[in-house]
Each structure stands twice: as C-alpha cells, then as structure tokens.
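Undergrad: sequence first, then the predicted structure:
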Amino acid sequence: MAPDIDEEEVRILAEGMTLKFGLLGLPQGGAKAGIRADPDAPEEERFQILQEFGAAIAPFLQNRIYLPGPDMGTSNEMVRRMLVRQGVPVRHRELRGVRSGYFTALSVFHCAVHAADAIGLPLAGSTIAIEGFGKVGSSLADLFSGVSARVIAVSTSHGAVYHPSGLDVRDLLRAYRELGSRFVLDYDKAERCPREQVFQAPVDILCPCARHNTIPAAGAGGIRARIISPGSNHPYDLEAERSLVRRGILCLPYWVANCGGTLGETLEFAGWTDAEIASFIRRRLEPHIRWIVDQSRRSHLTPTEIVMPRTLARFARLSEQAARPGLRERIMGAGLECYRRGLIPSAVVRSLSRGYFENGVLLPFDRET
C-alpha cells in the first residue's frame, strides 16, 4: 500500500517473492499486489480501501489462486477481516503472525554479521546507516545496538537524522513508537538532514529498508559503505550494483538478506520458538554468505548475477515437483490442512517439522550439483 505504487514496482515485488521462495526451497508461488493509498492513514480508512481491493479480485481469492498476506500499510488482522467479508474461509492458524518485520530484520542483521566476519570487519564499534526506520529498520537498529555497533544515520519518508558518534537507539525507538515515521521532523538529539543523505553517510554497513530502486546508478558513487545488506526489495538495479561492486562494496542479494520475513513466519506457523527461529536463520545464512563472498572474489560477476540463476533453477525444480505430487507430498498436504484448521496440536507439528526444515529449507547452493 503506497500512494504512488505502479505496475513496475508490483512486478519487482512479485519477482522478489518468487526469488525468496526459490532460495528457501518452499513450494509456493510469488504473487504480489499493490494498492494506491496512504499507508499512514487511519486503520479503518485503510481497511475500507482493502475491502474494495478484495471485492475487485474476489474470484482469485475465492479460488485460492491468490493468497494475500500483509505488507506496508496492512496487517494480518486486516487481511483476515477482508477475506472473511469476501466469503473466503480463513483457517484457524492462518494469518496469525504479527512480526514479519522483526523476522526480516533478523536475516538482514545476520547476513551483515556473516559478511562482516567474511571480510574481516569487527562488528563491535562498526558504523551503520539504515534507510527506512519502519518495522524492519527499527528492529534492525535494535539488533545492531545489541552487539555494540553504532547506528549513526536513519531515515524515514519524512527525512533523516545523523550523529557521527552514534544515535541513541532506545530513544529513536521511543520516538518512533510515539510519532511514527514523522518523528524525524522534530527529533532534536541529532542533525536533521534530507533522507537521501543517509546513503552518503561514512559507514561500514548500509541497510536499505524502504522502497525499490532507492539507490540509482547515478547516486551509487556517493555510497561509502563496505557492505550493503538490504531489507528492501530491489534497492538498486544491475547497473548500480555493478558500479558498487567495482568500488569494492559487497552487495548482498536482497532476497537473501531479507528472506527472514517469509522464513520466520513459516517457522512460527510451525510452532517454533523465537530462540529456535533466530538460531535457524543465523545458522543457515552463514554458508550462503560465505559462498557469495567466495564466488564474488573468484569471478567478475556481481552477487546478483551469481545467485539469481541458482535461485531460479531451484524454484523451477520446486514448481515441477509441486505440479506432480507423490504419495508422500499428498499425505503431507492433508496433514498441513488439518493443522491449519487447528485439528493437530502445535507441539506435534513443531517436532515433526524439524527434519523437513533442516533437510530441505534454505540449503546452501554448494550442496547442489
């Protein structure tokens, strides 16, 4: 939900979802939809607009061709209410998660941690800039602060704040909770500046966590970070990435860095605890990042050029397998439907799911032939 969303951005977002499912190895699609509206409008106003959207695509919803989930400007509860109004059955355990932003921040953070380790960058004392201090960016700032990294610049759609010695993350979180994205307009404990300046901040790690293509090729030359770990989808195009890579900047593929939202909600749905989810994301991302860094050093390609063919090949295999399910897959599908309806205890699925996730989800690419 955004006032200026267009078909090109929705296509990019759908591509991102497809790549995330391919990377994770989850047999799902990658559809995305956009609604032209103000994501900061009162909730009931946004819900009424969401209702109109649901009525417009009712056949896709009722046939379960398109299964919507929340994103900017919406929530699981809003989507649930909309589906019920359209006569679409919502299973007992569907659309229950509320922390996709936190889970996304987890993967962005751990990718940055593994990348820093791979290039010999000490994380304690390192400097961080975060574009987009929303659900993802605010959680990410808290995670970096917890390992003694210094967040020196953050931005929202209304501007940015900067302090070379480091911002008080707890105070930023308080201001964000009280005022939302407008907190930067009156924040007097740091230098206020245009939001674009967050990209020019002299930092070790830059995390774009807003909209697509916020780093154009023309502006890539001003970036001074050593690592870019994106929370947003498609923060720059291939031309911009090539420019950054030529200058020695490690650009992590966005669907790798921000896969935590999809993965975390899936693990949470299966009954995993927060500690188990965080541990799984940390463990499984480490070989991916080390492989990306190693392959980048060996070739003249960008990380996107290296990882995207592998991701799409994995997605194609998943699609082919899903189109011809065997007996095992049909049994698992029936069990999953019973679980969605609340007919199987969460503890049972939590236990049974461990083998599935450990042996088939977010597998390192170097384990594939």
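TA: It's in. Residues are numbered from 1 along each chain as shown.
Undergrad: look up phi and psi at residue 211.
TA: phi -90, psi -180 (degrees, to the nearest 10).
Undergrad: spatially nearest residue to it, not counting backbone neighbours?
TA: In space, residue 211 comes closest to residue 232 once its chain neighbours are excluded; the distance is 6.4 Å by Cβ to Cβ, 6 or more residues apart in numbering. C-beta coordinates here come from the backbone N, C-alpha and C atoms, glycine included.
Undergrad: follow the chain on from the helix or strand hosting residue 311 and name the next helix or strand.
TA: Using DSSP states H and E, residue 311 falls within helix 303-323. For helix 303-323, the following helix or strand on the C-terminal side (DSSP H and E) is helix 327-340.
Undergrad: would you mark the buried spots in that following helix?
TA: The neighbour-count check on helix 327-340 (16 or more other Cβ atoms under 10 Å) flags 336, 339, 340 as buried.
Undergrad: may I see the buried residues of the helix holding residue 311?
TA: Here helix 303-323 shows 303, 304, 305, 306, 307, 308, 310, 311, 314, 315, 318 as buried, counting by 16+ other Cβ under 10 Å.
Undergrad: out of the residues you listed, the closest to residue 27 would be?
TA: For the buried residues of helix 303-323, the residue nearest residue 27 by Cβ to Cβ is residue 318; the value is 5.0 Å.
Undergrad: list the contacts for that closest one?
TA: 21, 22, 25, 26, 27 (Cβ atoms under 8 Å, 6 or more residues apart in numbering).
Undergrad: now residue 270, nearest residue through space, not along the chain?
TA: residue 353 (4.3 Å).
Undergrad: dihedrals phi and psi, the closest residue to residue 216 other than its chain neighbours?
TA: In space, and not counting its chain neighbours, residue 216 is closest to residue 240: 6.1 Å by Cβ to Cβ, 6+ apart. Residue 240 adopts backbone torsions of phi -70, psi -40, taken as degrees, to the nearest 10.
Undergrad: so residue 240 versus residue 166, what's the distance?
TA: Relative to residue 166, residue 240 is positioned 28 Å away (Cβ to Cβ, to the nearest Å).
Undergrad: comparing these two, which residue is more hemmed in?
TA: residue 240 (21 against 17; other Cβ atoms under 10 Å).
Undergrad: separation between the more buried one and residue 212?
TA: On the measure of Cβ to Cβ, residue 240 and residue 212 end up 12 Å apart.
Undergrad: looking at the buried residues of helix 327-340, which one is closest to residue 254?
TA: residue 336 (28.7 Å).
Undergrad: give me the pLDDT value at the closest one.
TA: pLDDT, residue 336: 88.
Undergrad: next one: it from residue 280, what distance?
TA: 19 Å.
Undergrad: do the same with residue 24
TA: 11 Å.
Undergrad: between the two, what contacts are shared?
TA: residue 263.
Undergrad: settle it for me: which of the two has more neighbours?
TA: Between residue 24 and residue 280, counted using other Cβ under 10 Å, residue 24 has the larger neighbour count: 24 against 21.
Undergrad: is it true that that one touches residue 361?
TA: Yes - counting by Cβ atoms under 8 Å, residue 24 touches residue 361, with 5.6 Å between them.
Undergrad: pull up the overlap in contacts between the two.
TA: residue 263.
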